[in-house]
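[1] Here you go, sequence then predicted model.
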Amino acid sequence: MSKLAQRAAELRRLIDHHNYLYYVENRPEISDKEFDLLLKELEELEAAHPELRTPDSPTQRVGGQPIAGFKTVPHRVPMLSIGKAFSAAELREFDARVRKTLGNQPVRYVVELKIDGVAVSLMYTDGLLTLGATRGNGKVGDDITENLKTVRGVPLRLRTDKPPPLFEARGEVYMSKADFARLNEEVAARGESPYANPRNLTAGSLKQLDSRITAKRRLRLFAYAVGYVEGLAISSQLEALELLRRYGFPVNPEIRAFDNIEEVIAYCDSWAEKRFDLPYETDGLVIKVNDFEQQQRLGATNKEPRWAIAYKFEAEQAITKIREIQVDVGKDGTLTPVALFDPPVQLCGTTVSRATLHNAAQIERKDIRVGDSVIVVKRGEIIPYVVKALHEARKGTEKIFHFPTQCPVCGAPVVRENDAPSPRCTATATCPAQLQSRIESFAKRERMDIEGLGEKLAEQLVASGLVKTVADLYYLKKEQLMGLERMGELSAQNLLDAIEASKNRGLARLLAGLSIYGVGDAMAALLAQEFPSIDALLAASKEQIAAVKGFGPRRAESVYNFLHGPGRKIIQDLRDAGVKMTEDVKPKATSGPLAGKTIVVTGTLQNYSRKQIEDLIAQYGGKAASSVSKKTDYVIAGDDPGSKLDKARQLGIKVLTEDEFEKLIGLR
Ligand code: IVH
């Protein structure tokens, strides 16, 4: 071999070695710069001496000439899709089916992260990558060999001296969250429409007819299965993964094996929040029967194998940027930061352009800045929620958000009490923003249920000066309403009828509608239960109110101060207008959706303190207990649940999320 040929071979070996350390073992030994120098030297060598170029040379990864279109290629073994489970119960059903078919043989499950990317097939002939294809319809896919060669981590040659004659690896090509954020920005900067998520951008990159473009996209691979093989016997999934690793494929490190489904479930659950810390997107986990002989016996339908199932995480997630943080003024004056997204993202079938950041404390804790790339999900598939900022994608131009010192609506000074999560506008009685949201809140279905009175109308009523407190609603005249924009006689009359009908909702809903700091729907119901008329409540001392379940001194103080301060006149006006001020008290505890049920709460809930949820349980007829036993009917599990959850699982007790609990008692 000539000196030059020797050097070329040496460079290829070095580059492959460092590539492997970087993409498979995750422990690079040289810097990116040193790596680039090696690659550059090889490129120059091959350019000057084309005869030195080999098909598995790492220089091939930069991409080649554009092609006219992709060839369709058949899969020797079909690329099946996979059944889905959305709950622990469905995983238990899957396990039951597996066991039944296998006649109760011991089963070992392999659990892998479900990487949210694009499935590919990589065929090696005598160790050399000869065909890379998409899944397509499962039977035939597109030949995207040239594009897949550009994916670092895809071995161009298997790392073995004795390769089998044919070996097909399957896996997921994906893009890291940080690369996605960066690339999507470049896409947007060129005036093209940005991609919704890393998976779409990955798919778009793999469909490029010019592989030089794909090469710039920094795609990565995790191999998770062996497809067609000749000359090699593999007997289990764990063995397959081990072989893939040995052959030089990146295999995800978070793979575990378990001998029973409860451990599988616990492992799946452990990823519910942790997955957001991964540098790439996952949309669930895949559970596979380990033993190939058992897999064979379980077989497949024409769509899916019966030996595997995907456990899907609840919410879809998307990545976007915070263009601006806007401040909304709530019904009690609380300033709520709201993130405006650019671009808006698609989540659970709707376009999401904004999400509340809740309060100053959350922004500080999560260190969210204007300009940050963020992960957005929909809580319970409804409410958009910013999970976290991608600090690793920062460029240094992001700005720390500061609350205004004056109310953005009325200009009154803003205060943040010692331990308050957010500042508040101090103009309680006069701030139009506060008033408007109090009216909206008052008119909501669960409170006074005034049909037709929403955001727009509330805004008009405030701006026109017709309504200064919620009580003023009951004194509106038809002529006044008809003076408002887009308000004809008919709609004015309809509104008056709706307001009239709302007089009968009862004390609990009325109290909930008054926007008393610290008194939501559940607390108002408890208050009305103890003091079933407004007169009884007005006669109560602070101490008596504090003694109501779920209250305590601070909440009691807030109620008392309202009733004997700004609320006094409002209540009088409401009374004069004929609004019902009593509650028909229902007998306690013997009825209700939770009657006779014992419930244990574990973990941190989003919407309730421990005390609040326990009060709610009592209010709906249930009993809150502190430890799980056979007598427990439900366990409500929040974030970071403790051993109680494990115990509940062992005992087969029904576990509820906060949402499910709210549904159970009819709050949703
Ligand atoms: S196994 C018959 N394992 O999920 C089972 N799929 O399968 C074949 N996916 O688009 C798939 N991570 O590309 C398997 N660790 C993993 C996976 C995984 C992601 C994707 C796969 C396919 C979808 C359903």
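    The structure has been received and is ready for your questions.
[2] L538: what's it in contact with?
    563-564, 571 (CB atoms under 8 Å, 6 or more residues apart in numbering). Where C-beta positions appear, they are placed from N, C-alpha and C, glycine not excepted.
[3] actually R424, not the one I wrote
    Per CB under 8 Å, 6+ apart, neighbours of R424: 332-335, 414-417.
[4] 10 Å instead, please
    The contact partners of R424, by CB atoms under 10 Å, 6 or more residues apart in numbering, come to 329-330, 332-335, 407, 412-417, 431, 434, 517.
[5] among the contacts of L538, which are in strands?
    If you go by DSSP state E, those have nothing in strands.
[6] Let's have those in JSON lines, adding neighbour count and distance to the ligand.
    Formatted as JSON lines, these follow (neighbours: other CB atoms under 10 Å; distance: CB to the nearest ligand atom, whole Å):
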{"residue": "L563", "neighbour count": "20", "distance to the ligand": "58"}
{"residue": "H564", "neighbour count": "11", "distance to the ligand": "62"}
{"residue": "I571", "neighbour count": "19", "distance to the ligand": "59"}
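[7] With respect to S87, which of the contacts of R424 is nearest?
    Within the contacts of R424, the smallest distance to S87 is 34.5 Å, found for G330 (CB to CB).
[8] in the stretch 451-600 of the chain, which segments are predicted with low confidence?
    586-591 (pLDDT under 70).
[9] Please name the nearest non-neighbouring residue to A88.
    I265 (4.7 Å; CB to CB, 6 or more residues apart in numbering).
[10] Contact residues of the stretch 251-400 of the chain facing the ligand?
    By the rule CB under 6 Å from any ligand atom, the part of the stretch 251-400 of the chain lying against the ligand is 286, 305, 308, 310.
[11] Show the buried residues in those residues.
    By neighbour count, with 16 or more other CB atoms under 10 Å, these hold 286, 305, 308, 310 as buried.
[12] Can you list which of the residues you listed are found in helices?
    Of these, none are assigned to helices by DSSP state H.
[13] Is it possible to get CSV of those residues that adds pLDDT?
    Formatted as CSV, those follow (pLDDT from 0 to 100):
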residue, pLDDT
V286, 98
P305, 96
A308, 98
A310, 96
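[14] tell me the centre residue of this protein?
    Centroid-nearest residue in the chain, with CA atoms, centre = their mean: V377, separated by 3.3 Å.
[15] pLDDT on the strand or helix carrying it, on average?
    Per DSSP states H and E, V377 falls inside strand 373-379. Across strand 373-379, the average pLDDT comes to 85.
[16] And stretch 320-339, by the same measure?
    93.
[17] Excluding chain neighbours, what is closest to L131?
    Per CB to CB, 6+ apart, closest to L131 is M123, 4.1 Å.
[18] what's the burial count for that neighbour?
    20 (other CB atoms under 10 Å).
[19] which sections of the stretch 151-300 of the chain are below the confidence cut-off?
    Low-confidence segments of the stretch 151-300 of the chain, defined by pLDDT under 70: 188, 191, 193.
[20] and if you look at the stretch 301-450 of the chain?
    Scanning the stretch 301-450 of the chain residue by residue, the ranges that satisfy pLDDT under 70 are 314-315, 348-349, 379-382.
[21] Now do the same contact list for the residue of the stretch 251-400 of the chain found nearest the ligand.
    Nearest residue of the stretch 251-400 of the chain to the ligand (CB to the nearest ligand atom) works out as V286 at 4.0 Å. V286 is in contact with 82, 110-115, 224-225, 255, 308-311, counting by CB under 10 Å, 6+ apart.
[22] For the ligand, what's the nearest residue on the stretch 1-150 of the chain?
    A119 (3.0 Å).
[23] Need the phi and psi values for that residue.
    Main-chain torsions, A119, degrees, to the nearest 10: phi -70, psi 140.
[24] So it is in contact with E172, correct?
    Yes. When contacts are counted by CB atoms under 10 Å, A119 is listed as touching E172 (6.0 Å).
[25] Mind listing the shared neighbours of those two?
    224-225.
[26] the more surrounded of the two?
    E172 (24 against 19).
[27] what bridges to the more buried one?
    A119, F222 (DSSP bridges).
[28] Any figure for the gap between F442 and I516?
    Using CB to CB, to the nearest Å, we find F442 at a distance of 12 Å from I516.
[29] Overlap in contacts, the two.
    K331.
[30] on that earlier part again, return the subset of the contacts of R424 lying in helices.
    Q434.
[31] Among the contacts of R424, which one sits closest to L156?
    L335 (56.6 Å).
[32] ok, the closest one to R438 distance?
    From L335 to R438 the distance is 15 Å (CB to CB).
[33] And T469, by the same measure?
    In terms of CB to CB, T469 sits 8 Å off from R438.
[34] Now for those two: what residues contact both?
    What both T469 and R438 touch, as defined by CB under 10 Å, 6+ apart, is the set L514.
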